[in-house]
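J.: Provided below are the primary sequence and the corresponding predicted coordinates.
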There are 4 protein chains.
Amino acid sequence: MNEKVFRDPVHNYVNVDHPVIYALINSKEFQRLRRIKQLGTSGFTFHGGEHSRFSHSLGAYEIARQVTAKFEKKYPGLWSKEESLLTKVAALLHDIGHGAYSHSFERLFDTDHELMSQLVITDPETEICQILQTVAPDFPYQIASIISHNHPNKKIEQLISSQIDVDRMDYLLRDSYFSGVSYGEFDLTRILRVIRPTEDGIVFDIQGMHAVEDYIVSRYQMYMQVYFHPATRAMEVLLQNLLKRARVLYPVEPVFFQQTSPLLIPFFKQNFDLFDYLAIDDGVMNTYFQAWMQSSDEILADLASRFVNRKVFKSVTFREEDTDRLDDLRLLVAQIGFDPEYYTAIHRNFDLPYDIYHPEAEQPRTQIELYQKDGRLVELSQRSPLVSTLSGTIHGDQRFYFPREMIEESIFAEDHEAFSNILDDLSY
Amino acid sequence: MNEKVFRDPVHNYVNVDHPVIYALINSKEFQRLRRIKQLGTSGFTFHGGEHSRFSHSLGAYEIARQVTAKFEKKYPGLWSKEESLLTKVAALLHDIGHGAYSHSFERLFDTDHELMSQLVITDPETEICQILQTVAPDFPYQIASIISHNHPNKKIEQLISSQIDVDRMDYLLRDSYFSGVSYGEFDLTRILRVIRPTEDGIVFDIQGMHAVEDYIVSRYQMYMQVYFHPATRAMEVLLQNLLKRARVLYPVEPVFFQQTSPLLIPFFKQNFDLFDYLAIDDGVMNTYFQAWMQSSDEILADLASRFVNRKVFKSVTFREEDTDRLDDLRLLVAQIGFDPEYYTAIHRNFDLPYDIYHPEAEQPRTQIELYQKDGRLVELSQRSPLVSTLSGTIHGDQRFYFPREMIEESIFAEDHEAFSNILDDLSY
Amino acid sequence: MNEKVFRDPVHNYVNVDHPVIYALINSKEFQRLRRIKQLGTSGFTFHGGEHSRFSHSLGAYEIARQVTAKFEKKYPGLWSKEESLLTKVAALLHDIGHGAYSHSFERLFDTDHELMSQLVITDPETEICQILQTVAPDFPYQIASIISHNHPNKKIEQLISSQIDVDRMDYLLRDSYFSGVSYGEFDLTRILRVIRPTEDGIVFDIQGMHAVEDYIVSRYQMYMQVYFHPATRAMEVLLQNLLKRARVLYPVEPVFFQQTSPLLIPFFKQNFDLFDYLAIDDGVMNTYFQAWMQSSDEILADLASRFVNRKVFKSVTFREEDTDRLDDLRLLVAQIGFDPEYYTAIHRNFDLPYDIYHPEAEQPRTQIELYQKDGRLVELSQRSPLVSTLSGTIHGDQRFYFPREMIEESIFAEDHEAFSNILDDLSY
Amino acid sequence: MNEKVFRDPVHNYVNVDHPVIYALINSKEFQRLRRIKQLGTSGFTFHGGEHSRFSHSLGAYEIARQVTAKFEKKYPGLWSKEESLLTKVAALLHDIGHGAYSHSFERLFDTDHELMSQLVITDPETEICQILQTVAPDFPYQIASIISHNHPNKKIEQLISSQIDVDRMDYLLRDSYFSGVSYGEFDLTRILRVIRPTEDGIVFDIQGMHAVEDYIVSRYQMYMQVYFHPATRAMEVLLQNLLKRARVLYPVEPVFFQQTSPLLIPFFKQNFDLFDYLAIDDGVMNTYFQAWMQSSDEILADLASRFVNRKVFKSVTFREEDTDRLDDLRLLVAQIGFDPEYYTAIHRNFDLPYDIYHPEAEQPRTQIELYQKDGRLVELSQRSPLVSTLSGTIHGDQRFYFPREMIEESIFAEDHEAFSNILDDLSY
């Protein structure tokens, strides 16, 4: 086929040179990703971060294309054309099951985007499955097994999902570019130069060690600076409380929800299928929230309005041993007239930036290995003191969220003071 | 107040140092701009171009802030603190009345985003008007008159709306950055160095002539390469035909539209107010289009599906004198079974990159003037041969759009051939 | 061979995958280019522009490598492996005969960098010639004939030297990057996508027309803004007058020059060979100028000091018809005590940004042609109004240079006034 | 004065708004910095890294200007106009005493660039001293004492020289930009936002902690990747051996050196003054080396030729306990006919990326402190696990250098093998 290209600010061009890839991009399930933001509520904090999962999926594909083209050319004995196609398709589709505001939605409605990805890929009703079947009858299942980490080919597995995979490499660069935050930048060109396949995995020439190290540090910094930003999580918490309220109200006022948010009914009823799931996107959710602002239920209407108009909750970090002081805060919140069930929340965000392989772990991580001049491999943190520090340690915090009104002048002076005093105690 | 900042990929930071600006940004009418894409259907062609009018409005404000801060410091006799505030607020709010897919929406429903901007700013029911009134009772009207080009202060007018204004400067840089197309880049820093106020306007030191020239050329190239892209206009045309079909169907099936697209009813009825207008955003429209895909009307359902799933029409350019050949094309389209009223369209896109001042014109343009060492002014195209070429000339094309099926194998061979022959004739 | 790479800020990496290329880079004649600045006296105006001809030569090679790799893969019938090697080597070596401050040096000492390039390539004493001979005995002559525009292969000729060649493409991007001036940027990636060979030349797919247009405009702007900068030319003029004085003095004081500037003697005597020429570089010249500051000849010492310490001459533009007024200026300069022969100069800088093919011209230019969908070619300015404006027109100015002292308070008031009055007359 | 600007690729513009600063830049001692490369022999490894100390000095000044302008405006009680001028001048002049290839030169000839800086600033014969005296008679001494770390004002001291100062901030960004290596990039804008003066030092708002952390990590990576690059050090070692040979030969062949390298004589004699020192620059040194290539002393001629033509030594890292094996290597080198005194070398490069304050140390470092919301300070590594890892630890390696011939086929097979065997033993 004629090569097709997509202009891309991160990779300059996304190159499509296989008709199956082109058909997949044009399928309706893939086009749906245009309507789902990559960063969920982060766009409320970093206004540039409004890019879609569509653009990230193209980007992950493009990195896969570059890596596999190099592997085919340089390591013919270790890498085949078939492995390239599997990798490129899996990279393109790795997020295909993501829905609107995935994290909150999954939590409230027991959906699972990984499972959904499997279904989009293997359900013969989808355009994507039908396209994949043109390659081979079992091709959809092969792709699905890569995405569910069950494929026997460990090289492909690692390229798609490991501590340094095409997904992460694209999203760090992309989220960084669109948010306007430089922390996510790392030297992709150099990593693409030093990456190489072995019999059963992916490793990196040791001369490129600092580029890999830089990637790990960048990832850590993006988590600390962007993904875990307190204001972003405030919107997440608001969203969760809003959906919780809706779920509780639905049995009481089914007609209201039928009229204002018909596509959510299968989820309220916990009786949904793949196509119900695919019908929901960011725009649908926001449209419903705007309708809910007219609800006669004050809590639903108010939370919806806060979300739509970005009236974020405030928060305080707290230590585990202070957890019981939170009840005092909730009491004061209730005293002012806010139901703590919906107007407060605890939000925990922790990340393990890197870890070595622990065979005994439930989901052991594939460690990053460096290829030395003599062909022996050495694990990354053995060589990099920076990575060694981050290895096996978790970073993040836990926060208690509450309405901004609690720290404004608008409430009774004594409540205000009592609340502030506890906040001061919690801050350590 | 404490300075607040917003991370911005184009200007690095947007700095807010006035409480009125901060309050305006937090108003619900301004937050609404997060839900409206800056580039409308361009995002379907340039997948990175998914940024909102919210981010562009902040950007235009930031340029205004930098320009006015310089003016206050360097030209105290020619520029006052009051003029700075007027300029900054007007820059922030210049797009406040924009709606979802403005161009098509306005065309179909006779709305007018400039009028809407006036209303958002001056209607005492809006948060924005209430905030503006805290400055002075007539402050909303002053801002509104700047945006409607009726303010007596020509310096402010030109900064907000002229052939080189804060709006254009931001959108060229921003659309360029997000689309991944370098053509829109120009040397903003240099322009900010050479811009200066006179008694009754804004001019540029002649040493900066090439930076201004570069800006004009960049603007021209963005129109040719991005804004007038045939695929983008294909989506625009599809949208217009879809809305046209809905408007025609509404009187026949009011219940269907009441259920699937309640917020559009006031527009179908041509009886809407400001708040009806503000309730519509990109997500709402897309949600409705997805619902319309289930319509029993085949045309509505099909057009909606094509729009949602990005099945673009194809097109051919044509000369004015060939206009009657288009009827032959329409006939063939009809023969295949597509109603030409909804499955074809003419789309014209022309731009006048730069023009000198023509006092006799209906809307005369303020020409760009250069400040020479001796203080005399000279009009830009007198000095720049590049601008002189572009001056007073229009660029663009007119295209006839039709379904892709017309050029595919799927139709009768003879129809296919007849259609192709006319296309060949039109291409000159 | 193992691929070798050079980190490059413009192209990210320069990739070397052929042993002959690698050997050429390591030859002493090529390493010499590290000691010659790409931009001559421009670095005195744009302090970042201190990059060497070494880095530019690598960059031109890298573009050639990318273009030819694409040609080999995509147009096997129209492009061969041999043509790739010829093109890459010619690109690498196109500037090999450049010397220190080429322009002034050539003017004063009748050297010719194109001829010198021929010699470096074909003289069996050079490492470069010896390396080239390992490919084939006549390989040096083939390369030399490409660089002297006498090679029968028009495709290679155009890639190496035409209105859009690998040399210009690299230097615009590189000079722009290092100077910190954005005007030279254009969309190289897109140009590399649309460039294609024909039977007897190089053309560009018409979809890429705007990228080519942008390149022409960028080139024009770099000339106007950077290459023709008055301060740069002031240093050029100073250098020429300094060398002129030395040449005049040499017969009078041969011992002084033998001691302070031995490597220049063959040039003073007009009796030099290739190796004399290669022994001179920027550092050698500057070292000599520093020594000349101690000369007992006041003019030589003063001019050397002005050059070394960057005391630039001032200048005024003038029209052809005002040329005789310059004598009045020279007279005043002499009256103050400066010898006009060495303390004034005329400097003309004109460029023809683009031209169509004029078979009757002495050195006809190969015009840029666009490849249309139907395979027919069309000349660029037929399609681009911007290029059409620039086509066949020359741009630049002529300036009269004089010592800054003439416009300072330090001289007699009446001389000062007389001088200023003429300057005012000349400025139009 | 009218603001003067210099185009700068790193800071976009360097702004000069004080006549003393402008005069200093135009002084001959400052212009000399144009002739000294910032990165010494690094340009032989990273060909883009050819920028001068002139551009770095302007850059350090520009950061100082931005920081002090902010301090003056935001912290009027803690920062005065006088402190701004002191800081800006000290930043501009901090490297004024640097000479050609400083490190090697100092080592061989017992010069000291810090002492030379003092002299340039305070010797009444220099243009710089004369300009500084126009501010106040003791102004030169104040500037000198800042640069020698003896000034009582700790705020200025820390801005000019500490673990995060204007010097380092500029050189990381600049060396990174010119070398084309992204590792040195960090978020300068954010650091400029969070930097603040206290009564007796400079601290950083804790919200900016990650930007400071990123700076420390970037610095570490630049050392590991760029400054300590083995090929760069190979050229350094070659240079040292070359100068060592010249120093040894001088008493034997004074005439040769008098003729070929007159400006080095005072250094050979160990009897030089400031103006002897200022007469040496990169170009002078390279000119001399080129002349030495003609020496009748084979070692001098060969080492000069290797340096000029970039024939780098090869190297191997070694552990302290293997030091005695190096004698075996030297023996083999001698056996082949290379004098180990001049054809081998040990090169150690170690860096302490960050350290806390150790009052007992000889040169205690000023630790980086973060300003917490309640006004209390906390040391950086207390909060940043990444910095904590790097704190107090040294990084780098020691290498043994030898001629490339030792590992090529050109020598006797048995010597070759013996040499290779020891190299293998050393590599651990």
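T.: Everything's here; your move.
J.: near chain B, which residues of the stretch 51-200 of chain A?
T.: A:51-52, A:54-55, A:58, A:177-181 (C-beta under 8 Å from any C-beta of the partner chain). No exception for glycine: its C-beta is placed from N, CA and C like everyone else's.
J.: could I get these as JSON lines with secondary structure and pLDDT?
T.: Putting those into JSON lines (DSSP: H, G, I helix; E, B strand; the rest coil; pLDDT from 0 to 100) gives the following:
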{"residue": "A:His51", "secondary structure": "coil", "pLDDT": "97"}
{"residue": "A:Ser52", "secondary structure": "strand", "pLDDT": "97"}
{"residue": "A:Phe54", "secondary structure": "helix", "pLDDT": "98"}
{"residue": "A:Ser55", "secondary structure": "helix", "pLDDT": "98"}
{"residue": "A:Leu58", "secondary structure": "helix", "pLDDT": "98"}
{"residue": "A:Tyr177", "secondary structure": "helix", "pLDDT": "96"}
{"residue": "A:Phe178", "secondary structure": "helix", "pLDDT": "97"}
{"residue": "A:Ser179", "secondary structure": "helix", "pLDDT": "96"}
{"residue": "A:Gly180", "secondary structure": "coil", "pLDDT": "94"}
{"residue": "A:Val181", "secondary structure": "coil", "pLDDT": "89"}
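J.: are any of these buried, and which?
T.: By neighbour count, with 16 or more other C-beta atoms under 10 Å in any protein chain shown, those hold A:51-52, A:54-55, A:58, A:177-181 as buried.
J.: near chain C too, which of the residues you listed?
T.: Among these, proximity to chain C is found for none (C-beta under 8 Å from any C-beta).
J.: those residues into TSV, with extra columns for distance to B:Asp8?
T.: Supplementary listing: those in TSV, determined by distance: C-beta to C-beta, whole Å:
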residue	distance to B:Asp8
A:His51	15
A:Ser52	19
A:Phe54	23
A:Ser55	19
A:Leu58	24
A:Tyr177	12
A:Phe178	11
A:Ser179	9
A:Gly180	5
A:Val181	10
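J.: got those residues as TSV, with distance to chain D columns?
T.: Putting these into TSV (distance: C-beta to the nearest C-beta, whole Å) gives the following:
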residue	distance to chain D
A:His51	21
A:Ser52	26
A:Phe54	27
A:Ser55	22
A:Leu58	23
A:Tyr177	14
A:Phe178	16
A:Ser179	12
A:Gly180	10
A:Val181	8
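J.: which one of the residues you listed is nearest to chain B?
T.: Compare each of those with chain B using C-beta to the nearest C-beta and the shortest gap goes to A:Gly180, at 3.3 Å.
J.: I'd say that closest one and B:Pro9 touch.
T.: Yes. With contact defined as C-beta atoms under 8 Å, A:Gly180 counts as touching B:Pro9 (3.3 Å).
J.: any shared contact partners between those two?
T.: Jointly contacting A:Gly180 and B:Pro9 under the rule C-beta atoms under 8 Å, 6 or more residues apart in numbering or on different chains are A:Gly48.
J.: next, count neighbours for A:Ile21.
T.: 23 (other C-beta atoms under 10 Å in any protein chain shown).
J.: and the residue of chain A found nearest chain B, how many neighbours does it have?
T.: Nearest residue of chain A to chain B (C-beta to the nearest C-beta) works out as A:Gly283 at 2.8 Å. Here the neighbour count serves as a burial measure; for A:Gly283 (other C-beta under 10 Å) it reads 23.
J.: and it, how far is that from B:Val284?
T.: When C-beta to C-beta, to the nearest Å is the yardstick, A:Gly283 and B:Val284 sit 7 Å from each other.
J.: please apply the same query to A:Met169.
T.: Shown here: A:Met169 relative to B:Val284, a distance of 35 Å by C-beta to C-beta.
J.: same deal with A:Arg34?
T.: Using C-beta to C-beta, one gets 16 Å for the distance from A:Arg34 to B:Val284.
J.: the two: which has the busier surroundings?
T.: B:Val284 (24 against 21).
J.: ok, that one - contacts?
T.: Counted by C-beta under 8 Å, 6+ apart, B:Val284 has contacts A:283, A:286-287, A:290, B:100, B:263.
J.: next: A:Met235.
T.: Here A:Met235 is in contact with A:41, A:44-45, A:307, A:310, A:312 (criterion: C-beta under 8 Å, 6+ apart).
J.: got the phi/psi numbers for it?
T.: The phi and psi torsions at A:Met235 (degrees, to the nearest 10) take the values phi -70, psi -40.
J.: do A:His347 as well
T.: A:His347 has phi and psi values of phi -130, psi 120 when expressed as degrees, to the nearest 10.
J.: domain ranges for chain A?
T.: Per automatic domain parsing, the structural domains of chain A span A:4-228+A:370-384, A:230-312, A:315-353+A:393-428.
J.: state the mean pLDDT of the shortest one.
T.: The reference is to domain A:315-353+A:393-428. Mean pLDDT, computed over domain A:315-353+A:393-428, is 90.
J.: same question for stretch A:7-27.
T.: 96.
J.: next to chain D, which bits of chain A? Give me the list.
T.: A:182-183, A:185-187, A:210, A:213-214, A:217, A:220-221, A:224-225, A:385-386, A:388-390, A:393, A:395.
J.: secondary structure class for A:Gln294?
T.: The local conformation at A:Gln294, judged by DSSP: H, G, I helix; E, B strand; the rest coil, is coil.
J.: correct me, but it touches A:Ser305?
T.: No. With contacts defined as C-beta under 8 Å, A:Gln294 does not count as touching A:Ser305, sitting 9.7 Å away.
J.: the more surrounded of those two?
T.: A:Ser305 (18 against 12).
J.: wait, isn't the more buried one in contact with A:Glu298?
T.: No. Assessed by C-beta under 8 Å, A:Ser305 is found out of contact with A:Glu298, at 10.4 Å.
J.: give me the phi and psi angles of the residue in chain A positioned nearest to chain D.
T.: Closest approach of chain A to chain D (C-beta to the nearest C-beta) occurs at A:Thr389, with a separation of 3.7 Å. Recorded main-chain torsions at A:Thr389 are phi -60, psi -40, according to degrees, to the nearest 10.
J.: which residue packs closest to it, ignoring adjacent ones?
T.: D:Thr389 (3.7 Å; C-beta to C-beta, 6 or more residues apart in numbering or on different chains).
J.: neighbours of the one you found, how many?
T.: There are 21 residues near D:Thr389, going by other C-beta under 10 Å.
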